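A.B. asks: Provide a 3D model corresponding to the input given below.
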Amino acid sequence: QFLFQFFLFVVEMTSIELVAQAVKNARYVSFLTGAGMSVSAGIPDFRSPGGMYDTLKPELLTATYEERAMMSDKPTTVVSWELFQDNQLPYLELRRPFILQTLQHRWKATLGHCFMELCNHHEKLQRIFTQNIDGLDFQVLRHESIYAIIKLLSICPIDVTIECLY
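C.D. replies: Residues are numbered from 1 along each chain as shown. A predicted model of the protein is given here:
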């Protein structure tokens, strides 16, 4: 039986030194990441003009007429659990160009990604929870070990809410 304990605390930090001190004093560090991690790499977030939802072409995805109509009406359908349960292809087809372009180094890992790798290198990295589909997390973690990739949990396309109970 696996028991996962998540300690989520919010610390207001005003300088990089305070962040460094907090990480140094912590036994482990976990990251909750989203589009902000990759935007500085030149990858538009889903919702911005020119982003994935704005440029989505459901007619090019392997989907039924009804699924395409749902994606046309509501572009967020392409990453919804409801669609993924019935048909994984639209999500995987959507993700493929991001992964290929990351592997071709069109986009480079950001300082945030490198910071996660630094934590991993110093055996501080507990887990990475990400909703990103660009694969930049793998770009930095793949160099260390397969164990680091096991620490990476992609929550997309599942809608997940993490709530602090303390």
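A.B. asks: which residue lies farthest from the center of the chain?
C.D. replies: Most distant residue from the mean C-alpha position of the chain: residue 65, 29.0 Å away (Cα atoms, centre = their mean).
A.B. asks: Name the SS class of the spatially most central residue of the chain, please.
C.D. replies: Computing the C-alpha centroid of the chain and ranking residues by Cα atoms, centre = their mean puts residue 132 first, at 2.5 Å. Put simply, residue 132 is coil when judged by DSSP: H, G, I helix; E, B strand; the rest coil.
A.B. asks: ok, for it, nearest residue in space, not its chain neighbours?
C.D. replies: residue 38 (5.6 Å; Cβ to Cβ, 6 or more residues apart in numbering). (Each C-beta comes from the backbone N, C-alpha and C, glycine too.)
A.B. asks: list the buried ones in whichever helix or strand the one you found is part of?
C.D. replies: According to DSSP states H and E, residue 38 maps onto helix 36-39. Of the residues in helix 36-39, 37-38 count as buried by neighbour count, 16 or more other Cβ atoms under 10 Å.
A.B. asks: cool, and stretch 29-49?
C.D. replies: Result for stretch 29-49 [16+ other Cβ under 10 Å]: buried residues 29-31, 33, 35, 37-38, 41, 43-44, 46.
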